[in-house]
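# Sharing a sequence plus its predicted fold:
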Amino acid sequence: GAVVSQHPSWVICKSGTSVKIECRSLDFQATTMFWYRQFPKQSLMLMATSNEGSKATYEQGVEKDKFLINHASLTLSTLTVTSAHPEDSSFYICSAGQGGSEQYFGPGTRLTVT
Amino acid sequence: GENVEQHPSTLSVQEGDSAVIKCTYSDSASNYFPWYKQELGKGPQLIIDIRSNVGEKKDQRIAVTLNKTAKHFSLHITETQPEDSAVYFCAARQTGNQFYFGTGTSLTVIP
């Protein structure tokens, strides 16, 4: 149990375009989902916390108009990188919790902006 | 906020030996301490966790110990195998709050 999926697993897009990444909890309802960004050989950097049906809470320094997060249901959250630029290239990971302490990570999405 | 430090950053052990990774935290209100294993190109996988009301937890070759007074917790892997090679992250969390992660330890098990 507690499986989280992400789609796509990797994506290449041109500078200026937008990319949507989906995060799904497959076998549980996730009251809270987190979005992280990870640079090579570094730890996870929390971008935002999303709760179903409410606006996401963004961490300091994260542009909410650039990284749009929508937690439409208890099993789906999406991250849209708008007007992507090469510096947005990174590994994006979501995680989901059931309301308890644990959180379960998705497999990640590798975004490359050319 | 919480500050989690993790040591060492890299660790190499011979197959069959034990590996120990240590983390310290700053916020005494943190009450949940998970450990994650991340293989290259994949998301972190929860391997073991411990809550503040427990001092030690074991799952086969993996164990975690927690010293609340000293605010540190450790991951112990015994009888290491090549497939244990990965990056390991510790984290600390207070109920309802965000997770704070350590900087990661790259473990290499040498056959």
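Received the coordinates, thanks. Residues are numbered from 1 along each chain as shown, chains lettered A, B, ... in the order given.

# A:Pro107: how many residues sit nearby?
17 (other C-beta atoms under 10 Å in any protein chain shown). For every residue, glycine as well, the C-beta is placed using N, CA and C.

# quick one, what contacts it?
Counting by C-beta atoms under 8 Å, 6 or more residues apart in numbering or on different chains, A:Pro107 touches A:Val4, A:Ser5, A:Gln6, A:Ser9, B:Lys42, B:Gly43.

# Could you rerun that using 10 Å?
A:3-7, A:9, A:93-94, B:41-45 (C-beta atoms under 10 Å, 6 or more residues apart in numbering or on different chains).

# Leaving out chain neighbours, which residue sits closest to A:Phe39?
A:Ser90 (6.2 Å; C-beta to C-beta, 6 or more residues apart in numbering or on different chains).

# So which residues on chain B come close to chain A?
B:4, B:6, B:9, B:31-34, B:36, B:38, B:41-46, B:49, B:51, B:87, B:89, B:91, B:93-104, B:106 (C-beta under 10 Å from any C-beta of the partner chain).

# Of those, which belong to helices?
Judged by DSSP state H, those include no members of helices.

# Quick one: the strands in chain B, in order.
B:4-7, B:10-14, B:19-25, B:32-38, B:45-51, B:56-59, B:62-67, B:72-77, B:86-93, B:99-101, B:105-110 (DSSP state E).

# got the buried residues for the first one?
Put plainly, it is strand B:4-7. B:Val4, B:Gln6 (16 or more other C-beta atoms under 10 Å in any protein chain shown).

# Pull up the pairing partners for it, direction included.
If you go by DSSP bridges, strand B:4-7 pairs up with strand B:19-25 (antiparallel).

# now the strands of chain B in a markdown table, with mean pLDDT?
Shown next, in a markdown table, are the strands of chain B (pLDDT from 0 to 100):
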| stretch | mean pLDDT |
| --- | --- |
| strand B:4-7 | 96 |
| strand B:10-14 | 98 |
| strand B:19-25 | 98 |
| strand B:32-38 | 96 |
| strand B:45-51 | 95 |
| strand B:56-59 | 96 |
| strand B:62-67 | 97 |
| strand B:72-77 | 98 |
| strand B:86-93 | 96 |
| strand B:99-101 | 93 |
| strand B:105-110 | 98 |
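
# nearest to A:Tyr36, of these?
Nearest to A:Tyr36, of all these, is strand B:99-101, at 8.8 Å by C-beta to C-beta.

# what's in contact with the closest one?
A:34, A:36, A:38, A:43-46, A:49, A:95, A:97, A:101, A:103, B:1-4, B:6, B:23, B:25-27, B:30, B:32, B:34, B:36, B:44, B:89-94.

# From the residues of chain B next to chain A, keep the buried residues only.
Burial of those was assessed by neighbour count (16+ other C-beta under 10 Å); the buried members are B:4, B:6, B:31-34, B:36, B:38, B:42-44, B:46, B:49, B:87, B:89, B:91, B:93-94, B:97-104.

# Any chance of the strands of chain B in JSON lines with distance to A:Tyr58 as columns?
Output for the strands of chain B, formatted as JSON lines (distance: least, C-beta to C-beta, whole Å):
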{"stretch": "strand B:4-7", "distance to A:Tyr58": "21"}
{"stretch": "strand B:10-14", "distance to A:Tyr58": "33"}
{"stretch": "strand B:19-25", "distance to A:Tyr58": "24"}
{"stretch": "strand B:32-38", "distance to A:Tyr58": "23"}
{"stretch": "strand B:45-51", "distance to A:Tyr58": "25"}
{"stretch": "strand B:56-59", "distance to A:Tyr58": "34"}
{"stretch": "strand B:62-67", "distance to A:Tyr58": "31"}
{"stretch": "strand B:72-77", "distance to A:Tyr58": "29"}
{"stretch": "strand B:86-93", "distance to A:Tyr58": "19"}
{"stretch": "strand B:99-101", "distance to A:Tyr58": "16"}
{"stretch": "strand B:105-110", "distance to A:Tyr58": "29"}
